[in-house]
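kindly generate the corresponding structure for this input.
(one chain, ligands or ions: 1)
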Amino acid sequence: MQQVLYLKDASIFQGDSLVLSDINIEINKGEFVYLIGKTGTGKSSFMKTLYGDLPLTKGEGEIVDFNLKALKEKDIPFLRRKLGIVFQDFKLLTDRTINDNLAFVLKATGWKDKNDIKARIDEVLDKVGMKTKGFKFPHELSGGEQQRIAIARALLNNPELILADEPTGNLDPQTSVEVMEVLQDINKNGNTILMATHDYALLLKYPSKTLKCDDNQIYEVVQRKQ
Ligand SMILES: Nc1ncnc2c1ncn2[C@@H]1O[C@H](COP(=O)(O)OP(=O)(O)OP(=O)(O)O)[C@@H](O)[C@H]1O
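A predicted model of the protein is given here:
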């Protein structure tokens, strides 16, 4: 099994306060992993550590071949190119169309050829069922559609790991299921996904490996067979 993430005896701090300690986890290529836990237990802090927004100061960690302990400011853009990050609030650029949102990311990561850019955009929009919506502006799309675009954006550079922090947090239950179907599809096509959520209905509907933050620890939840 190829490992895309491991943490060994790691602790996560916000300033001086300890959020999580003794973290020992690994995620292998192809897995779909949930990260659950009550508000304030450290899910976002954990995710931020993985994409270089919080430093790892104690313990060891490696993500998509980057050593988190030795991560320098200048490494962060390169780390993020190997990750796809999806947030609760979509974070699309509101002043341009979907196609231009996606082209912006590709150009920022060195893509130059117009035809290659167009082909890649069509490809990722197709993966999230939004191929006909590229000409629209974000405000012309529903919340679920905007999140599907954010997932397409995360796929642009063939990420080795997708980090989704409460991707259905702003969506109604039906739309959450639609977005989850997209995430399940891309996982079946080989993408590795770590998804923070407090939506237990999704966990029950789509059972998968689950990590839980509680009492300053992260541990794997053993799921009972139904
Ligand atoms: N920027 C910050 N500075 C200092 N403390 C912070 C900061 N952000 C979060 N914390 C603290 O770290 C702890 C974990 O917060 P975190 O946001 O990681 O939890 P969470 O599980 O993601 O919660 P939520 O579901 O509400 O986002 C909380 O006690 C919080 O008050």
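
can you give me every residue that contacts the residue nearest the centre of the chain?
If you average the C-alpha coordinates of the chain and look for the closest C-alpha using Cα atoms, centre = their mean, you land on residue 163, 1.8 Å from that point. Taking Cβ atoms under 8 Å, 6 or more residues apart in numbering as the definition of contact, the neighbours of residue 163 are 47, 50, 51, 83, 84, 85, 86, 194. Glycine gets a C-beta too; all of them are placed from N, C-alpha and C.

let me see the ranges of the strands in this protein.
For the chain, the strands identified by DSSP state E occupy 3-14, 17-28, 32-36, 58-63, 66-67, 83-86, 161-165, 193-196, 209-214, 217-221, in order along the chain.

just put those strands in JSON lines and tack on distance to the ligand.
As requested, the strands of the chain are exported to JSON lines (distance: least, Cβ to the nearest ligand atom, whole Å):
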{"stretch": "strand 3-14", "distance to the ligand": "3"}
{"stretch": "strand 17-28", "distance to the ligand": "5"}
{"stretch": "strand 32-36", "distance to the ligand": "9"}
{"stretch": "strand 58-63", "distance to the ligand": "15"}
{"stretch": "strand 66-67", "distance to the ligand": "21"}
{"stretch": "strand 83-86", "distance to the ligand": "15"}
{"stretch": "strand 161-165", "distance to the ligand": "8"}
{"stretch": "strand 193-196", "distance to the ligand": "7"}
{"stretch": "strand 209-214", "distance to the ligand": "6"}
{"stretch": "strand 217-221", "distance to the ligand": "11"}
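
coming back round to it: Serialize the contacts of residue 163 to CSV and add fields for neighbour count and pLDDT.
What follows is the contacts of residue 163, written out as CSV (neighbours: other Cβ atoms under 10 Å; pLDDT from 0 to 100):
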residue, neighbour count, pLDDT
47, 21, 96
50, 25, 97
51, 17, 96
83, 22, 96
84, 25, 95
85, 19, 95
86, 22, 95
194, 25, 98
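
give me every residue that touches residue 149.
If you count contacts by Cβ under 8 Å, 6+ apart, residue 149 has them with 90, 92, 98, 101, 102, 125, 128, 130, 133, 138, 141.

what's the neighbour count on the fourth one?
Other residues near residue 101 number 22, with proximity taken as other Cβ atoms under 10 Å.

quick check, nearest of the contacts of residue 149 to the ligand?
Out of the contacts of residue 149, the one with the shortest distance to the ligand is residue 90. That distance is 16.2 Å, counting by Cβ to the nearest ligand atom.

what sits against the closest one?
With Cβ under 8 Å, 6+ apart as the criterion, the residues that contact residue 90 are 138, 143, 146, 147, 149, 150, 170.

spell out which parts of this protein neighbour the ligand.
Within reach of the ligand by Cβ under 6 Å from any ligand atom, the chain has these residues: 14, 15, 19, 37, 39, 40, 41, 42, 43, 44, 45, 213.

which of those sit farthest apart?
Farthest pair in the residues of the chain next to the ligand (Cβ to Cβ) is 15 and 37. Separation: 20.0 Å.

more crowded one of those two?
Looking at residue 15 and residue 37 with other Cβ under 10 Å, you find the greater number of neighbours at residue 37, namely 20 against 6.

can you check the pLDDT for the residue nearest to the more buried one when sequence neighbours are not counted?
Using Cβ to Cβ, 6 or more residues apart in numbering and skipping residues adjacent in sequence, the residue nearest residue 37 is residue 213, 3.2 Å away. Here the pLDDT value assigned to residue 213 is 95.

one more: residue 13?
At residue 13 the predicted local confidence, pLDDT, stands at 95.

I appreciate the help and will end here.
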